[in-house]
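Colleague: quick check, what structure comes out for this input:
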Amino acid sequence: MRRLVQVTAVIIGATLGAGVGAQHEQATPVPTLAEQGIELFKQEKYPEAKKALARALAANPADAAAHAYLGLVLLNHDRDADEAAKHVAEAVRLEPACSRYHRWLGAVYSQQAMEAGALSAFGLAKKARAELEKAVELDPKDLAARRSLLQYYLSAPGIAGGSVAKAREQALAMTELDRSEGLLAQARIAEHEKDDQGAERLYRSAIAVDPDQGEAYNQLGYLLLRTKRRDEAVATFRTYIEVSPGQANPHDSLAEALLAQGKVDESIAEYRTALEIDPTFSSSFLGLAQCYQRKEAWAEAQAALERFLELVPEGRRADDARGQIAKVAKKKR
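Modeller: Predicted coordinates:
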């Protein structure tokens, strides 16, 4: 799956009290409920994290970190952007100088804008931009904030603050902070401007600077796939898997390229591998549905689409999935 914007989980450490035992040895501090919830979030144990963070807020409603991470659970696992927005906005209110809370709130507003109608989407997009710009203002060295803001400038219409020139400003600042990240940012702008040769050159330069940076392989692979260089795309995604072991997205990306080659069974195998790694990786269910429809395995296609809807019940992709289910149901008759 091509993912350009990503919310990064950061564990908030704290040292809380210490007991005194024999020989004056200090006991290991017991993590608070909030710290337990944050650690569970890091481990992608979302239901357990949600319970721990909810208990933490019941004990201390003014815990900004608990609000922020509960918001991330609601966004990433429950797919409930509206509830996520309430909690991350509260975290921002409680700690207005925290850059990453503003960045996360910008991501939530962006998700809400994607799911909203035209009138609401405009206002949410402006709120997302304001939060992302505030995150960069508070921490100019936050590459994740600059990356998200750059993508906003490229994706949004001019009336909502979109601007290629402003995106280039972010890319230049990112290059000064981290050359590999900056080259990736420049490549995204080149693609946006339909300069495929320039984008490919920049992606390959980013890989040369940091051969272990998986995202460069992912973006290069999709550029190759889009320009019908399918064999090269497959090879690039296989390298992506090598440099990013244990992640679902590389297998999902490879599956998409294999399907484009017409290798349906191999594609199914890769989608299944992605789901073994992360059973909630929703896009792989959409990919499986495509594969099964190619094989005219209508029951399997419907099951994959229904599982996707369990994970993503709202939004445009959910509407598309429901439309596909209706078509598949007719084929089953």
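
Colleague: could you list the buried residues of stretch 222-239?
Modeller: Buried residues in stretch 222-239, defined by neighbour count with 16 or more other Cβ atoms under 10 Å: 222-225, 230, 232-237, 239. To be clear about C-beta, it is placed using only N, CA and C from the backbone, and glycine gets the same treatment.

Colleague: got the CA positions of it in PDB?
Modeller: Extracted C-alpha coordinates of stretch 222-239, given in PDB (Å, rounded to 0.1, in the frame of the first residue of the first chain):
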ATOM      1  CA  TYR A 222       4.900   2.300  -7.100                       C
ATOM      2  CA  LEU A 223       6.400   4.800  -9.600                       C
ATOM      3  CA  LEU A 224       7.700   1.800 -11.600                       C
ATOM      4  CA  LEU A 225       4.300   0.100 -11.300                       C
ATOM      5  CA  ARG A 226       2.500   3.200 -12.500                       C
ATOM      6  CA  THR A 227       4.800   3.500 -15.500                       C
ATOM      7  CA  LYS A 228       4.200  -0.100 -16.500                       C
ATOM      8  CA  ARG A 229       7.700  -1.400 -15.500                       C
ATOM      9  CA  ARG A 230       6.200  -4.200 -13.600                       C
ATOM     10  CA  ASP A 231       9.200  -6.500 -13.400                       C
ATOM     11  CA  GLU A 232      11.300  -3.800 -12.000                       C
ATOM     12  CA  ALA A 233       8.500  -2.900  -9.500                       C
ATOM     13  CA  VAL A 234       8.300  -6.500  -8.300                       C
ATOM     14  CA  ALA A 235      12.100  -6.600  -7.800                       C
ATOM     15  CA  THR A 236      12.000  -3.300  -5.900                       C
ATOM     16  CA  PHE A 237       9.300  -4.500  -3.600                       C
ATOM     17  CA  ARG A 238      11.200  -7.700  -2.900                       C
ATOM     18  CA  THR A 239      14.100  -5.500  -1.800                       C
END
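
Colleague: residue ranges with poor pLDDT in the stretch 201-333 of the chain?
Modeller: In the predicted model, the stretch 201-333 of the chain carries pLDDT under 70 at residues 333.

Colleague: tell me where it has helices.
Modeller: Secondary structure of the stretch 201-333 of the chain (DSSP state H, counting those that start in this stretch): helices at 214-226, 230-243, 248-260, 264-277, 282-294, 298-311, 316-332.

Colleague: let me know which of those helices is tucked in deepest.
Modeller: Of the helices of the stretch 201-333 of the chain, the one with the most neighbours on average (mean count of other Cβ atoms under 10 Å) is helix 248-260, at a mean of 25.

Colleague: show me what that one is packed up against.
Modeller: Counting contacts by 3 or more Cβ pairs under 8 Å, 6 or more residues apart in numbering; DSSP states H and E, helix 248-260 packs against helix 214-226, helix 230-243, helix 264-277, helix 282-294.

Colleague: I'd like those as a markdown table, with distance to residue 51 appended.
Modeller: As requested, those are exported to a markdown table (distance: least, Cβ to Cβ, whole Å):
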| stretch | distance to residue 51 |
| --- | --- |
| helix 214-226 | 32 |
| helix 230-243 | 34 |
| helix 264-277 | 24 |
| helix 282-294 | 22 |
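
Colleague: for residue 43, find the nearest of those.
Modeller: Evaluated with Cβ to Cβ, the helices and strands packed on helix 248-260 place helix 264-277 nearest to residue 43, the distance being 13.8 Å.
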